[in-house]
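**Q** Sequence first, then the predicted structure, then my questions.
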Amino acid sequence: MNSGKPNILITEPIPAKVIDHLRDFANVTVGEKGYFQSEENLINEIQPYDALLCMLSVPVTEAVMKAGSNLKIVANFAVGYDNIDVETAGSLGIRVANTPDVLTEACGDYAMGLLLALSRKLKEAEQYLRDGNFKGWEPLGFLGMELRDRNLGIIGMGRIGQAFAHRARAFGMNILYHNRSKLDPDSEKALDATYIEDSGELAEKSDVVSLNCPLTDNTRHLVDSDFLNRMPDHALLINISRGAVIDEEALAEALHNKVIAGAALDVFEKEPEVHPKLLIAPNTLLLPHIASATHRTRQDIGMLAADAIISVLNGKDDREIPNLITP
Ligand code: GLV
């Protein structure tokens with residue numbers, strides 16, 4: 001490492017433009033795919049680095065940050081930052097950044113895609129054709145849920161929840177939402193959205209429930225067997241937030257027992273592991289955490305994280321770095 005420049009660890013390969021951008025400014029090390037998902041590897045190797053640009057799969061624990069005695073900033077390559085111990089970072093004077101805004105539209109598109117695929121049974125229908133079962137047009141084959149006039153209940157009405165709601169409105173859906181706080185009247189009006197204070201009541205009233213909230217102590221296992229039992233039996237569940245918002249054992253039971261009609265899951269509690277009963281649950285789409293996966297968005301995510309690192313290492317005032325998290 002060149003002693004005149006700061007040292008940055010990027011925990012795995014990200015778009016090349018972002019790496020080049022950081023290389024103009026610092027000595028950059030890029031880890032091998034998956035290697036720094038191990039807390040032990042990170043503890044052993046973090047010490048020389050001034051900044052960490054990490055994936056959401058990397059556990060940035062108290063032990064990691066204590067081992068990183070030169071660390072000034074941890075920038076997550078993600079909007080969600082439940083993998084980072086933000087309190088400890090604050091107490092050690094380490095800044096934490098995430099990547100809001102840049103992935104909102106990609107995630108809104110993706111949630112809409114999951115809803116269409118699930119409600120129209122695209123996965124099963126395609127498999128049916130590939131298996132050689134398509135013998136001609138069928139009047140009763142693969143009848144799905146039409147979205148028009150159905151209630152979409154969104155839990156977590158931040159940027160991504162609202163982006164999804166706007167798209168769903170264009171398909172004629174009614175928007176219900178549960179959130180830490182009510183939206184301002186203009187945003188509510190733009191979506192014709194109805195606030196529901198009690199998440200169980202939202203479960204009862206929704207034909208589709210979408211999880212778009214961060215993972216916190218309040219949202220962990222928010223979707224449990226009580227919640228699922230309150231959903232109508234034709235209802236669908238979509239999760240692009242974090243796996244642990246759902247009690248996966250309870251969801252697998254609910255799907256197998258037809259308590260609800262289907263689920264599309266982009267995230268899992270113990271990624272990359274998937275609950276074995278979910279793997280064989282009926283009408284369930286399982287995806288490898290790709291809601292923000294477009295070329296454009298992943299580059300924008302990287303640039304936003306990189307710029308926070310550059311700003312912090314250059315000593316810029318925190319108030320001028322919009323994507324810093326305050327503990
Ligand atoms: C992806 O899950 C993110 O939080 O950006």
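**A** Sure thing, it's come through.
**Q** got the residue ranges for the helices in the stretch 201-327 of the chain?
**A** 225-230, 248-256, 276-279, 295-313 (DSSP state H, counting those that start in this stretch).
**Q** okay if I get those as JSON lines plus mean pLDDT?
**A** Below are those laid out as JSON lines (pLDDT from 0 to 100):
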{"stretch": "helix 225-230", "mean pLDDT": "98"}
{"stretch": "helix 248-256", "mean pLDDT": "98"}
{"stretch": "helix 276-279", "mean pLDDT": "98"}
{"stretch": "helix 295-313", "mean pLDDT": "98"}
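**Q** Just send the ones you listed back as JSON lines, with distance to the ligand too.
**A** (Each C-beta comes from the backbone N, C-alpha and C, glycine too.) Listed next are the helices of the stretch 201-327 of the chain as JSON lines, based on distance: least, C-beta to the nearest ligand atom, whole Å:
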{"stretch": "helix 225-230", "distance to the ligand": "22"}
{"stretch": "helix 248-256", "distance to the ligand": "17"}
{"stretch": "helix 276-279", "distance to the ligand": "18"}
{"stretch": "helix 295-313", "distance to the ligand": "7"}
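**Q** mind checking which of those is nearest residue 27?
**A** For the helices of the stretch 201-327 of the chain, the distance to residue 27 is smallest for helix 295-313, at 11.7 Å, taking C-beta to C-beta.
**Q** picking up where we left off before, just tell me which of the helices of the stretch 201-327 of the chain ends up closest to residue 185.
**A** Closest approach to residue 185 among these is made by helix 225-230 (28.4 Å; C-beta to C-beta).
**Q** got the phi/psi numbers for the residue in the stretch 101-250 of the chain that the ligand sits nearest to?
**A** Residue nearest to the ligand within the stretch 101-250 of the chain (C-beta to the nearest ligand atom): residue 103, separated by 5.7 Å. Note on residue 103: backbone dihedrals following degrees, to the nearest 10 are phi -110, psi 0.
**Q** Got the confidence number for it?
**A** Looking at residue 103, its pLDDT stands at 98.
**Q** Count the residues that sit near it.
**A** The local packing of residue 103 (other C-beta atoms under 10 Å) involves 25 other residues.
**Q** wait, isn't it in contact with residue 299?
**A** No. The pair residue 103 and residue 299 fails to qualify as a contact (C-beta atoms under 8 Å) at a distance of 11.0 Å.
**Q** Which pLDDT value belongs to the residue in the stretch 201-327 of the chain that the ligand sits nearest to?
**A** In the stretch 201-327 of the chain, the residue that lies nearest the ligand is residue 292 (5.3 Å; C-beta to the nearest ligand atom). Per-residue confidence (pLDDT) for residue 292: 98.
**Q** how far away is the most centrally placed residue in the chain from residue 30?
**A** Of all residues in the chain, the one closest to the mean position by C-alpha atoms, centre = their mean is residue 241, 3.8 Å from it. Residue 241 sits at a distance of 28 Å from residue 30 (criterion: C-beta to C-beta, to the nearest Å).
**Q** do residue 23 as well
**A** Counting by C-beta to C-beta - residue 23 and residue 30 are separated by 10 Å.
**Q** These two: which is more packed in?
**A** The neighbour count for residue 23 versus residue 30, taken as other C-beta under 10 Å, is higher for residue 30 (17 against 13).
**Q** Around the residue lying closest to the more buried one once chain neighbours are set aside, count how many other residues there are.
**A** Of all residues not flanking residue 30 in the chain, residue 10 sits nearest, at 4.8 Å (C-beta to C-beta, 6 or more residues apart in numbering). Residue 10 has 26 neighbours, counted by other C-beta under 10 Å.
**Q** what bridges to residue 10?
**A** residue 30, residue 53 (DSSP bridges).
**Q** ditto for residue 223
**A** Going by DSSP bridges, residue 223 forms beta bridges with residue 246.
**Q** Residue 211 is in contact with that one, correct?
**A** Yes. Proximity of residue 223 to residue 211 meets the contact threshold set by C-beta under 8 Å, at 6.9 Å.
**Q** what residues are shared contacts of those two?
**A** Listed as contacting both residue 223 and residue 211 by C-beta atoms under 8 Å, 6 or more residues apart in numbering are 237, 239, 245-246.
**Q** Identify the farthest-apart pair in these.
**A** Within the shared contacts of residue 223 and residue 211, 237 and 245 form the most distant pair, 10.5 Å apart (C-beta to C-beta).
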